[in-house]
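> Just the structure for this:
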Amino acid sequence: MLLLKRIVHNTIWGGPKISRLAGVEGDQIGHLYSLYCREGISNEILNGEWKGRCLNDVFPLFKEAMGMAQYEYFPLTLALTEANENLSIQVHPNDEAASRLENRVRGKRESWFFIDAPISGTIINGCTCRDKAQESQMITQGQFMAMADTLPVKQGDYVFVEPGTLHAITAGSLVFEIEEGSDFTYRFYDYDRTDTQGNRRELHIEKATSALNMDLKSTVKRYNNQEIKEKTYSTKLIENIDNYTNESGMLECFTFIKGSLSCEGMTVPPGSTILLWPGELLSTSDVDLAFLSRLITIN
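Numbers count the residues shown, from 1 in each chain. Okay, the predicted model is just below:
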């Protein structure tokens, strides 16, 4: 097993909830990455023979054995994400759009489990457009708020965002986020916010328009003690456990959210992920809430 060090990511829209939940400093944390594997930024390994090295450096050493040989990077990204303010109205490319726009094989899929629901009770999801002509008119005129549809969500809900879907989590949301694929996010609208230097964040209207599928909208699911499977990954919420064994036959990501947990003599802080090889036992203590995530399809 590999215990990964968390990565704090402050954002313009982040807030204080992650700090209180996970015991890290900061009042504008947008992401606490428990698993992030890219060149230039990746979790440090805290135990075992690879202790002190980054996950991105050692992934090539085990990816073939774990059925991930064709992936350049570890394919899943896991994080606690807080929206103290509304996130930008945005879209992610599907595989075809990623190939066409970025010369990359995979687009970006993501899911959210709502630890805290948004203040409004809704997130942005899908388009209000009647047809392509109205879509084109709204984009040309910058009517992105009118173009954005909403989806009601509450605490404990799970939402999968198909690539090409117009979307954004809204103020008050605290989610466990699962991503697979590329990192590309195309912003239509960012509420005219400015950073500490007074600069507005970049928008990507042309690419966002090209990647958008106005017919796509997400639905809400509940775990109900069952695994939820998407096209390329699965997740499962687990509560109130003392021990866990990976019996899936595949590499699993165990992400600890609430309670107390120790691993190989170390106290594991909330918002941490442990990679479990098939058959490995994780002896825990009073875990109130955790998630299992794993790749299920290689495409």
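
> Tell me the buried residues in stretch 27-41?
Residues 28-37 are the ones in stretch 27-41 that count as buried (16 or more other Cβ atoms under 10 Å). Quick note: C-beta positions are derived from backbone N, CA and C, even for glycine.

> just those residues now: which is nearest P60?
Nearest to P60 out of the buried residues of stretch 27-41 is C37 (Cβ to Cβ; 10.8 Å).

> roughly how far apart are that closest one and V58?
10 Å (Cβ to Cβ, to the nearest Å).

> Same question for H31.
Applying Cβ to Cβ to H31 and V58 gives a distance of 22 Å.

> And E264, by the same measure?
On the measure of Cβ to Cβ, E264 and V58 end up 17 Å apart.

> So which of the two has more stuff around it?
Using other Cβ atoms under 10 Å as the criterion, E264 and V58 rank with V58 on top: 18 against 13.

> Number of residues surrounding the closest residue to that one other than its chain neighbours?
Nearest residue to V58, sequence neighbours excluded (Cβ to Cβ, 6 or more residues apart in numbering): W50, at 4.8 Å. Per other Cβ under 10 Å, the neighbour tally for W50 reads 16.

> cool, S136 as well?
Neighbour tally, S136, other Cβ under 10 Å: 12.

> again with R222
13.

> How about E110?
23.

> could I have the helix or strand that contains it exported to PDB, CA atoms only?
Using DSSP states H and E, E110 sits in strand 108-116. Output in PDB follows, covering the C-alpha atoms of strand 108-116 (Å, rounded to 0.1, in the frame of the first residue of the first chain):
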ATOM      1  CA  LYS A 108     -12.400  14.800 -18.700                       C
ATOM      2  CA  ARG A 109     -15.000  13.000 -16.700                       C
ATOM      3  CA  GLU A 110     -15.900  13.900 -13.100                       C
ATOM      4  CA  SER A 111     -18.200  13.100 -10.300                       C
ATOM      5  CA  TRP A 112     -19.100  14.900  -7.000                       C
ATOM      6  CA  PHE A 113     -20.400  13.500  -3.700                       C
ATOM      7  CA  PHE A 114     -22.000  16.400  -1.700                       C
ATOM      8  CA  ILE A 115     -20.600  16.400   1.800                       C
ATOM      9  CA  ASP A 116     -22.300  19.800   2.200                       C
END
